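Novice: Here's my sequence, what's the structure:
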Amino acid sequence: MYLARKHIKGRLHYFIRESYLHNGYLHSRNLFDLGTDPTRFIRYPGGNAYYIDEIVEESLAAFGSTPTGDQLDDIFWAFLDPDIRIKLEPFRRREFRSRQAKRPPVDAYDDNRHIFDRRRLIFLKTGQKNLSRIDAVPAKMFKILSNKSRDELEQQFIDMERSLRAREVKTYVYAVFNLQDFFTESYAKSVPDFLDQSQVDAHFISEICKLNEDAEFWAGVDPFGGLNEYLIRYAIMFFDFDYEPRNFMDEYIRSFMNNRRNYRPPVPHPAISMETACRIFGKSEETLMKMSRRELARLYRRRARDLHPDQGGQAPQFIKLTEAYKSLQRRKNE
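Specialist: Modelled structure (predicted):
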């Protein structure tokens, strides 16, 4: 049993849902609609005490579900009066540790979760950006992913992602979609903002589309059209946020690289021999070399009028004339 959030007509609604096994897959279903304000189901008899309105438990019982007090506390904890929550927090932590100690051993968990789930969990728990060796992570790290439907897992990750700082968001998406795998640069794992971002964007779009069509990942979810709503948030996180700011030198290096990313070395000018230039201009080498730059330009214009395609000349001859003129100009600069 878990708390789910869903935007409906621009407003955030809350539901109590549960994961259940059907035809070999874990599915999810709504048990109770909490509306837009779950606080209306919390009762305060006095002091630091509180309880959940009986209508909630009665509605859950109609589905054959009998939650424990701890389960309801977990669902409504965030909506509790802040003053009471602060006072009860130490007791809640103690109860949580006690519940953790009673959990079954690690080998009783199904740790064969989707690689995307495992990447997300490791980043959110450790902040590790390079997730290429995730297979070496102990199975116990993934026990909180076990026995949960896709919907419950996504709701869990939405909660966990609230802890991300704005400067971490884009790096998080870059890491969990393993975009570094598409680049050979040594810095692809640590400073993705130094990469060609048009390529990074293209690989992200490709990977999010692949995940959207991954039947294994969406097992137990009803068919949907377009990009699933749980993936839309990653598109927003990726394109609406920027990488974490860096120091001046990092920014200078990144700017330097980006400014030269599309640089293409100048095409070398074709070598035109002096003999060819003399033939094209109809002058001797001595005459051409004695000409000033201005005189050479006038000669070029006269010959260009005769050889230009618009004046009945041929394009190859006009190109050769221009190349010869540029070659002579360079010789005069030497």
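
Novice: what's the spacing between Leu227 and Ser327?
Specialist: Going from Leu227 to Ser327 by CB to CB, to the nearest Å gives 58 Å. Every residue, glycine included, has its C-beta placed from N, CA and C.

Novice: With neighbour numbers in mind, choose between the two.
Specialist: Ranked by neighbour count (other CB atoms under 10 Å), Leu227 and Ser327 place Ser327 first, with 17 against 14.

Novice: where's that one, which helix or strand?
Specialist: Using DSSP states H and E, Ser327 sits in helix 315-333.

Novice: Now do that helix, average pLDDT.
Specialist: Helix 315-333 shows a mean pLDDT of 80 in the predicted model.

Novice: ditto for stretch 288-302
Specialist: In the prediction, stretch 288-302 has an average pLDDT of 85.

Novice: What are the buried residues along the helix holding Ser327?
Specialist: Buried residues in helix 315-333, defined by neighbour count with 16 or more other CB atoms under 10 Å: 318, 320-325, 327-328.

Novice: Stretch 209-229 now?
Specialist: So, applying 16+ other CB under 10 Å, buried residues of stretch 209-229: 211-212, 217-218, 220-221, 228.

Novice: before we move on, back to that, and the buried residues of helix 315-333, which two are furthest apart?
Specialist: Phe318 and Leu328 (15.9 Å; CB to CB).

Novice: so where do the strands sit in the stretch 51-200 of the chain?
Specialist: Counting by DSSP state E, counting those that start in this stretch, the stretch 51-200 of the chain has no strands at all.

Novice: in this structure, which spans are helices?
Specialist: Secondary structure of the chain (DSSP state H): helices at 54-61, 69-76, 82-101, 115-126, 150-161, 169-176, 197-212, 229-240, 248-259, 274-281, 285-290, 293-307, 315-333.

Novice: The ones you listed: which one's closest to Ala139?
Specialist: Closest of those to Ala139 is helix 115-126, at 10.2 Å (criterion: CB to CB).

Novice: CA atoms of that closest one as CSV?
Specialist: Extracted in CSV, the C-alpha atoms of helix 115-126 (Å, rounded to 0.1, in the frame of the first residue of the first chain):
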residue,chain,number,x,y,z
ILE,A,115,18.7,-1.7,-15.0
PHE,A,116,17.1,1.7,-15.2
ASP,A,117,15.6,1.3,-11.7
ARG,A,118,19.0,0.2,-10.3
ARG,A,119,20.8,3.2,-11.9
ARG,A,120,18.2,5.6,-10.4
LEU,A,121,18.5,4.1,-7.0
ILE,A,122,22.3,4.1,-6.9
PHE,A,123,22.5,7.8,-8.0
LEU,A,124,19.8,8.9,-5.5
LYS,A,125,21.4,7.0,-2.6
THR,A,126,25.1,7.7,-3.4
